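Enquirer: Okay, here's the prediction I keep looking at, along with the sequence it came from:
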Amino acid sequence: MTSILTYLVAFLLYILIGWCFWRNTWNQSSLSDAGNRGQTTVTWVHYAMLAPLLLHAMTLYHSMFVGGGISFGLGNAISSIVWLTAFIYWFSGFFDRLQGLQTLVAPVATVSAVAIFLPLVFPSLRPLENTELPAFKAHLLVAMMAYSLLTIAALHALLMTVVERHLHHPATHSILTNLPPLLAMEKLLFRIIWIGFILLTLTLLSGAVFSKEVFGQPLTFSHKTLFGFISWGVFAALLIGRQLYGWRGRIAIRWTLTGFAILLLAYIGSKFVLEIILSR
């Protein structure tokens with residue numbers, strides 16, 4: 001079993017990195033030498049982020065893989081999605097055209113610091129069934145990737161909202177002035193949504209068509225299934241609207257956030273009701 005010290009160290013590293021990044025991007029002056037020092041610090045913080053990510057992964061491994069099965073309750077589910085989101089976001093910082101988007105490192109690190117303790121606060125009631133099946137493992141991996149990418153899309157949409165307001169109410173904060181142009185951010189948003197949508201489609205198809213092979217039982221209608229398909233429909237409508245009608249700006253942001261909110265209800269919301277409220 002992972003020591004509580006591992007959780008605490010990862011928590012403190014997440015908080016420290018988030019604070020360092022926030023201090024050196026939000027409060028740095030517009031002078032070039034200060035900007036260079038701030039960029040150096042941001043680069044150092046980016047590499048340092050790997051340490052809490054590895055510790056977080058270690059805690060998740062020992063929390064999820066208990067005995068011969070996989071424990072994937074509410075705490076493990078949220079913590080895993082947050083970890084994978086943070087990892088993908090961190091990894092994207094190594095690409096030059098995406099480095100300007102590292103503005104969200106501070107809030108992502110803060111959320112990760114909280115999420116690391118969720119498996120302890122909401123422990124799994126029982127291991128999942130049929131976890132030894134390769135089809136189930138593939139389904140779970142694809143589902144996690146879909147949730148994480150669409151989480152990043154939602155964060156990206158929120159960041160676009162801030163940038164749009166900044167255009168109408170200019171400020172001097174370098175945390176905004178270092179971002180890519182709004183059109184470039186919009187193109188990236190739809191690329192992320194496309195990938196997340198494809199993975200979400202594979203998740204729903206594998207769960208519906210191969211329910212017997214994945215879950216060991218025929219497909220059953222539930223709130224999770226309903227909200228999952230509604231979320232899929234929202235993202236599908238957004239992508240169709242983009243192709244046929246050129247949807248962009250606030251319309252794209254609203255549809256993205258709506259689809260993500262419904263997706264949260266589909267899985268996290270269902271788990272919360274079943275495990276916390278109904279204790280099932």
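Expert: Great, that's in hand. Residues are numbered from 1 along each chain as shown.
Enquirer: And Trp83, how far from Ile116?
Expert: As defined by Cβ to Cβ, to the nearest Å, Trp83 lies at a distance of 8 Å from Ile116. Glycine gets a C-beta too; all of them are placed from N, C-alpha and C.
Enquirer: which one of the two has more residues nearby?
Expert: Neighbour comparison, Trp83 and Ile116: the larger count goes to Ile116, with 25 against 21 (by other Cβ atoms under 10 Å).
Enquirer: Isn't the more buried one up against Asn76?
Expert: No: at 11.2 Å, Ile116 and Asn76 do not qualify as touching, with contact defined as Cβ atoms under 8 Å.
Enquirer: separation between Lys187 and Lys224?
Expert: 32 Å.
Enquirer: of the two, who's got more company?
Expert: Each of Lys187 and Lys224 has its neighbours counted (other Cβ under 10 Å); Lys224 has more, 19 against 13.
Enquirer: which SS state does the closest residue to the more buried one other than its chain neighbours fall under?
Expert: Counting by Cβ to Cβ, 6 or more residues apart in numbering, Lys224 lies nearest to Ser270, which is 4.2 Å off, once chain neighbours are set aside. Classification of Ser270 into helix, strand or coil gives helix, according to DSSP: H, G, I helix; E, B strand; the rest coil.
Enquirer: intersection of neighbour lists for Trp83 and Ile116?
Expert: When contacts are counted by Cβ atoms under 8 Å, 6 or more residues apart in numbering, Trp83 and Ile116 are jointly contacted by His56.
Enquirer: Tell me where the stretch 51-200 of the chain has helices.
Expert: In order along the chain, the stretch 51-200 of the chain carries the following helices (DSSP state H, counting those that start in this stretch): 74-92, 105-115, 118-121, 134-168, 174-177, 182-209.
Enquirer: so how far is the first residue of stretch 211-230 from its last?
Expert: Its start and end residues considered, stretch 211-230 measures 19 Å (Cα to Cα, to the nearest Å).
Enquirer: Poorly predicted segments of the stretch 101-250 of the chain, please.
Expert: Low-confidence segments of the stretch 101-250 of the chain, defined by pLDDT under 70: 101-103, 125, 129-131, 169-179, 210, 212-221.
Enquirer: Now with 80, please.
Expert: Low-confidence regions of the stretch 101-250 of the chain, defined here as pLDDT under 80, cover residues 101-106, 124-137, 166-181, 207-223.
Enquirer: now stretch 193-202, how far from the chain's geometric center?
Expert: On the basis of Cα atoms, centre = their mean, to the nearest Å, the separation between the geometric centre of stretch 193-202 and that of its chain is 14 Å.
Enquirer: Buried ones in stretch 234-251, by neighbour count?
Expert: Within stretch 234-251, the residues that count as buried by 16 or more other Cβ atoms under 10 Å are Val234, Phe235, Leu238, Leu239, Arg242, Trp247, Arg248.
Enquirer: ditto for stretch 126-145
Expert: Of the residues in stretch 126-145, Pro127, Asn130, Thr131, Ala135, Phe136, His139, Leu140, Val142, Ala143, Met144, Met145 count as buried by neighbour count, 16+ other Cβ under 10 Å.
Enquirer: which ones are touching the closest residue to Leu188 other than its chain neighbours?
Expert: In space, Leu188 comes closest to His156 once its chain neighbours are excluded; the distance is 7.0 Å by Cβ to Cβ, 6+ apart. For His156, the contact set (Cβ under 8 Å, 6+ apart) comprises Leu101, Met185, Leu188, Leu189, Ile192.
Enquirer: Of those, which is the nearest to Pro107?
Expert: Nearest to Pro107 among the contacts of His156, counting by Cβ to Cβ, is Leu101 at 12.6 Å.
Enquirer: which residue packs closest to Leu53, ignoring adjacent ones?
Expert: Across the structure, with Cβ to Cβ, 6+ apart as the measure, the residue nearest Leu53 apart from its sequence neighbours is Phe87 (5.7 Å).
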